[in-house]
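[1] everything below, folded, please.
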Amino acid sequence: MDIEGSTALVTGANRGIGEGFVRALIEAGARHVYVGARDPANAAALVAEFPDHASAVRLDITKGDQVAAAAAACGDVSILINNAGAFLNRRLIAADDLSAAREEMEVNYFGTLAMCRAFAPILARNGGGAIANVLSAGGIAASPAMGGYSPSKFAARAATTCIRGELAAQNTQVVALIVGSVDTRMAAHVAGAKERPIDIARAGLGAIRRGVDELDTDIMAMEVRANLQRDPKALERGMARMLTAQVISTGR
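    Here you go, the predicted structure:
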């Protein structure tokens, strides 16, 4: 798919990887980018930077009325970037209750699914288009230190595959982006080398252009997949050691 001349919607777009996608899309020649944010005021500076190519949309992907309103207002979308996510840094067993795990699943799985359901008919009317779901290396290798985040990304990855199958007949490309450690607020607790959000976004757009179903967007994601194939039990033990590590690091 050609990015140039397209119209895109990016969820969680006011910072981090979402902001990176807005910039990369405009850089690649997108006609217009809808900047999805729970509070549009948080996206005001980014929109002001690109007045001819960007506009803010109030969008909490866990709220059905806001998802429906976004679909009604953004009927020209040909690329949907499901980037919004939640990581609450609570353990599955050690947490006081299930609230964090429920919220992570609600945002990372059900919210992403809700967006795909709302925009699938729009993409069909506009020729098929593409959906890119921003996932995680924690969605291909279970990470106990991530608590409910890792299982929610496993679920979102499986959903991405299922949705790809359902939407193939309408010529909608559905891409899973496996992301490692990125220099965002969500990864502020992680030490070591981190990728720039704009580079993750550029890799994601490259996957859309080439028709790739699943892409490891960075070195860390590639290393996790390689270790998973080489010695999955050793990787599992390494992930478990992060539970007691004083500093969690990318190792680079």
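[2] tell me which helix or strand of this structure sits lowest on mean pLDDT?
    strand 190-191 (a mean of 56; mean pLDDT, DSSP states H and E).
[3] what's downstream of that strand, the next helix or strand?
    helix 197-210 (DSSP states H and E).
[4] same for that next one, what does it pack against?
    helix 16-27, strand 130-134, strand 173-178, strand 214-216 (3 or more C-beta pairs under 8 Å, 6 or more residues apart in numbering; DSSP states H and E). All C-beta atoms are positioned from the backbone trio N, CA, C, and that covers glycine.
[5] what pLDDT does residue 50 get?
    For residue 50, the pLDDT comes out at 98.
[6] nearest residue to it in space, ignoring adjacent ones along the chain?
    Computed as C-beta to C-beta, 6 or more residues apart in numbering, the closest residue to residue 50 that is not its neighbour in sequence is residue 26, at 5.5 Å.
[7] is the one you found in contact with residue 33, as I believe?
    Yes. Under the criterion of C-beta atoms under 8 Å, residue 26 makes contact with residue 33 at 6.1 Å.
[8] what touches both of those two?
    Residues touching both residue 26 and residue 33 (C-beta atoms under 8 Å, 6 or more residues apart in numbering): 50, 53-54.
[9] and those, which are buried?
    Buried by 16 or more other C-beta atoms under 10 Å: 50, 54, out of the shared contacts of residue 26 and residue 33.
[10] can you add distance to residue 82 and give the shared contacts of residue 26 and residue 33 back as TSV?
    What follows is those, written out as TSV (distance: C-beta to C-beta, whole Å):
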residue	distance to residue 82
50	21
53	20
54	18
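[11] quick one: which of the shared contacts of residue 26 and residue 33 is nearest residue 134?
    Minimum separation from residue 134 among those (C-beta to C-beta) is found for residue 54, which lies at 18.6 Å.
[12] show me what that closest one bridges to in the sheet.
    Residue 54 has these beta-bridge partners by DSSP bridges: residue 33.
[13] numbering from 56 from now on, please.
    With the count now opening at 56, the last piece we talked about shows up as residue 109.
[14] enumerate every residue touching it.
    77, 81, 87-90, 101-102.
[15] ok, and the most crowded of the residues you listed?
    residue 77 (30 neighbours; other C-beta atoms under 10 Å).
[16] got a list of contacts for stretch 86-93?
    Identification of contacts with stretch 86-93 by C-beta under 8 Å, 6+ apart yields 60-69, 73, 77, 80-81, 98, 101-102, 105, 108-116, 125, 129, 131-132, 139.
[17] quick one: which of those sit in helices?
    73, 77, 80-81, 101-102, 125 (DSSP state H).
[18] turn the residues you listed into TSV, columns for pLDDT and distance to residue 158.
    What follows is those, written out as TSV (pLDDT from 0 to 100; distance: C-beta to C-beta, whole Å):
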residue	pLDDT	distance to residue 158
73	97	18
77	98	25
80	98	28
81	98	31
101	97	25
102	98	27
125	98	20
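[19] so which of these is the closest to residue 198?
    Scanning these for proximity to residue 198, where the rule is C-beta to C-beta, the winner is residue 73, at 22.0 Å.
[20] now a PyMOL select for only the buried ones of the contacts of stretch 86-93.
    Those of these that count as buried under 16+ other C-beta under 10 Å are selected in PyMOL with:
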select buried, resi 61+62+63+64+65+66+67+68+69+73+77+80+81+98+101+102+105+109+111+112+113+114+115+116+125+129+132+139
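[21] looks to me like residue 283 is in a strand.
    No. Counting by DSSP: H, G, I helix; E, B strand; the rest coil, residue 283 is not found in a strand; it is helix.
[22] right, and it touches residue 193 too?
    No. The pair residue 283 / residue 193 is not scored as a contact, 11.7 Å apart, by C-beta under 8 Å.
[23] tell me which residue is most central in the protein.
    Nearest to the mean C-alpha position of the chain, by C-alpha atoms, centre = their mean, lies residue 189 at 2.2 Å.
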